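Trainee: Test case, fold it:
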Amino acid sequence: MTIENLPAIRACRPAWNKGRIVGQKRPLLPKHVWAIRVRLEIANNVRDLALFNLAIDSKLRGCDLVKLLVADVFAAGQVKERDSIIQSKTRKPVRFEITEGTRKSTAAWLDDPLMIGSEHLWPGRFHERLHISTRQYARLVRHWVSSIGLEPTSYGTHSLRRTKVAQIYRKTGDLPPAKSLTLM
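Mentor: You can find the predicted model right below:
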């Protein structure tokens, strides 16, 4: 094929990541976590507070977090202290501890009238959608982060997953084996 026969290559639109921060998102600092929690408590936003707290505690990917069932975290009339979920990406189980504050916020969410008859912990608004989407979860995270004055492009759903581990690493300078991460 000669050069004359090649089609002309021209940029019709700018690159999708032009001017955006790409790569790993930052974990939240403890002061950011508390600022978001306080804002959600003041706004009396029970669902978002429970979602935020469980995201920090569980260290689950967004796709696994939004698919949680009520039966996964609630048994015998109370929120479980520990839980084990099989990750959709790796098909490996992950155990995590649910802290006291998260148990309280999750119990308050489960008592909410919107949860009557729901099988999913984070039900969607429409009948054909059983749970909120990962995109909706990302929008919530973006809103939480921007509400405390942080740049939303620097943080994402994975930031919540990394937050607890980053705090443990900052305190100890080392990460314990995966089994003992749930004890912190």
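Trainee: dump the residue contacts of residue 131.
Mentor: Neighbouring residues of residue 131 by Cβ atoms under 8 Å, 6 or more residues apart in numbering: 66-67, 120-124. Placement of C-beta: from N, CA and C, glycine included.
Trainee: Quick one, grab the pLDDT at the residue positioned nearest the centre of the chain.
Mentor: With distances taken as Cα atoms, centre = their mean, residue 55 lies nearest the centre of the chain, 4.3 Å away. At residue 55, the model reports a pLDDT of 96.
Trainee: can you check residue 174 too?
Mentor: 76.
Trainee: one step back: make TSV out of the contacts of residue 131 and add neighbour count, pLDDT and secondary structure.
Mentor: Formatted as TSV, the contacts of residue 131 follow (neighbours: other Cβ atoms under 10 Å; pLDDT from 0 to 100; DSSP: H, G, I helix; E, B strand; the rest coil):
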residue	neighbour count	pLDDT	secondary structure
66	23	95	helix
67	19	94	coil
120	18	92	strand
121	25	94	coil
122	25	94	coil
123	18	92	strand
124	15	87	coil
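Trainee: ok, back up a step: where does the residue nearest to the centre of the chain sit: helix, strand or coil?
Mentor: helix (DSSP: H, G, I helix; E, B strand; the rest coil).
Trainee: which residues does the nearest residue to it once chain neighbours are set aside contact?
Mentor: Nearest in space to residue 55, with sequence neighbours left out and distances taken as Cβ to Cβ, 6 or more residues apart in numbering, is residue 160 at 4.1 Å. By Cβ under 8 Å, 6+ apart, the contact set of residue 160 is 28, 52, 55-56, 141.
Trainee: Can you tell me how far residue 160 is from residue 81?
Mentor: Remark: distance between residue 160 and residue 81 (Cβ to Cβ, to the nearest Å) = 20 Å.
Trainee: and residue 146, how many neighbours?
Mentor: When neighbours are defined as other Cβ atoms under 10 Å, residue 146 has 13 of them.
Trainee: coming back round to it: quick one, phi/psi of the residue nearest to residue 55?
Mentor: For residue 160, the backbone dihedrals are phi -70, psi -40 (criterion: degrees, to the nearest 10).
Trainee: And for stretch 111-120, what's in contact with it?
Mentor: Stretch 111-120 is contacted by residues 46-47, 67-71, 109, 123, 130-131 when judged by Cβ under 8 Å, 6+ apart.
Trainee: redo that, cut-off 6 Å
Mentor: Under the contact criterion Cβ atoms under 6 Å, 6 or more residues apart in numbering, stretch 111-120 has outside partners 46, 69, 130-131.
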